[in-house]
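Enquirer: quick one, structure for this:
(one chain, ligands or ions: 2)
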Amino acid sequence: MKADLILKNIGKLVTMQGSSSFRIKEEMNKINIIENAYIAVKNGKILAIGVGEHFGNLCGEDTKIHDAEGLLVTPGLIDSHTHLIHGGSRENEFSMKLNGVPYIEILNNGGGILSTVKSTKEASEEELYKKAKKSLDRMLEFGVTTVEEKSGYGLELNTEVKQLEVARVLDQNHPVDLVHTFLGAHAVPVEYKDNHKAYIDILVDVMMPKIKDMGLAEFCDVFCEEGVFTIEESEYILQKAKEMGYKLKIHADEIESLGGAELAAKLGCVSADHLMAASDEGIKMMAQNNVVANILPATSFNLNKDYADCRKMIDMGAIVSLSSDYNPGSCPSENLQLVMQLGCLHLKMTPNEVLTAVTINAAYAIDRADIIGSIEVGKKADFVVFDAPNIEYLMYHFGINHTKKVYKSGKLVV
Ligand code: NIG
Ligand code: FE
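Expert: Ligands and ions are numbered 1, 2, ... in the order given. Sure, this is the predicted structure:
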């Protein structure tokens, strides 16, 4: 078979080959590097990987040859936790935050998530689309080829559907692939402040079945936190979601240690995210049940809060992934390379562990490890050429964009 495209002269090709679906403990360091490599692509997928220029038999009349100029190539990066689609911005809360007003206090006074709910309701589909596209373009420029996106700024059916519809169209039109999550349980709407049960009934009886029927979301997520949804409420919502055929995610133990990690293990969530306050027992249970610990260090950075104890999680055998949490309140940045740098600087992960956490383990966090997350024959031809000589340089030289070229499904898109 002849290739559509061959990328040759790759100085260091990080393949992430050789583990079936995720990496834990020491395996996180074994990223598999081939020097002086090439990648051959056919119909958007990896056709072959090899060394030097021994690809003559893959070359036909129409095969394009691109030169990686001896640089570093990795699998396309995966951002497995974002709140991509929303209206407005919240810089008006910045000085309050800088003066130490807690995130949850701002929310409970009608600001925070609830203020973005208002802006998202007011925004037209076109406005939401334009804003999200700009962010998605930025993510792609940073080397991100797949993004998970959550609703959760409607808290009623029409606006939740509006967010997810915008995401669906964006997914069709944009090179980046999107994975969709319903997060109707992101906050309790003001009018249900004293009657959570009434809102949860609407969520479970009306919104979740409708969104499932419309095929708008694959995952269901809950913000389980003191002052938002309790453990019991989260368990009820996620259990119902599971029965409806959703895969599960949970914002767990971000601020208070409520037992979100334990709940994620009990319900078989695909990932539990944040986990700055997770208990050792919870992490152990997650590791035993293959629930991904999805860590969001740029949120800790932006909120000036504690970082999750990632070293301990890796030692305990947890499947660790890293993602941006891009959203207008706790992490207004699309920069996954910054997240990776924080992974080294604040989570004390090695550069290899970090790369694992934003490729194969991130793919597992969105249940896509069979098709993306590593450069292997048959997987999607998603890869990034970095203007860097090695992986250490990517994490060491911080605060800039190292991307030189991005290939999505075998096409040069940046
Ligand atoms: O993951 N923690 C809850 N939700 C988001 C923040 C959303 C917002 O503040 O708008 C998060 O950090
Ligand atoms: Fe989040």
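
Enquirer: number of residues surrounding residue 147?
Expert: 30 (other CB atoms under 10 Å). To be clear about C-beta, it is placed using only N, CA and C from the backbone, and glycine gets the same treatment.

Enquirer: which one is it nearest to, not counting chain neighbours?
Expert: Distance criterion CB to CB, 6 or more residues apart in numbering; nearest residue to residue 147, sequence neighbours excluded, is residue 79 at 4.8 Å.

Enquirer: quick check, that neighbour in contact with residue 139.
Expert: Yes - at 6.2 Å, residue 79 counts as touching residue 139 under the criterion of CB atoms under 8 Å.

Enquirer: which neighbours do the two share?
Expert: 147, 326, 336 (CB atoms under 8 Å, 6 or more residues apart in numbering).

Enquirer: contact partners for whichever residue of the chain sits closest to ligand 1?
Expert: The chain approaches ligand 1 most closely through residue 329 (2.5 Å), counting by CB to the nearest ligand atom. Residue 329 makes contacts with 90, 93, 103, 112, 113, 116, as judged by CB under 8 Å, 6+ apart.

Enquirer: can you pull out the low-pLDDT segments for this structure?
Expert: The chain contains no residues with pLDDT under 70.

Enquirer: got the residues of it near ligand 1?
Expert: 83, 112-113, 116, 223, 251, 254, 299, 325, 327-330 (CB under 6 Å from any ligand atom).

Enquirer: can you give me the strands in the stretch 51-200 of the chain?
Expert: 64-67, 72-75, 77-79, 144-150, 177-185 (DSSP state E, counting those that start in this stretch).

Enquirer: any buried residues in the first one, and which?
Expert: Using 16 or more other CB atoms under 10 Å as the burial criterion, the residues of strand 64-67 that qualify are residue 66.

Enquirer: coming back round to it: phi, psi for the residue of the chain closest to ligand 1 please.
Expert: Here is the backbone geometry of residue 329 (degrees, to the nearest 10): phi -110, psi -70.

Enquirer: how about the strands in the stretch 301-414 of the chain?
Expert: In the stretch 301-414 of the chain, the segments counted as strands under DSSP E, counting those that start in this stretch are 319-322, 383-386, 403-408, 411-412.

Enquirer: tell me the contacts of residue 173?
Expert: Per CB under 8 Å, 6+ apart, neighbours of residue 173: none.

Enquirer: what does stretch 349-359 contact?
Expert: Residues contacting stretch 349-359 (CB under 8 Å, 6+ apart): 14, 16, 23, 27-31, 74-79, 295, 310-311, 314, 320-323, 336, 339-340, 343-344, 373-374, 391-392, 394-396.
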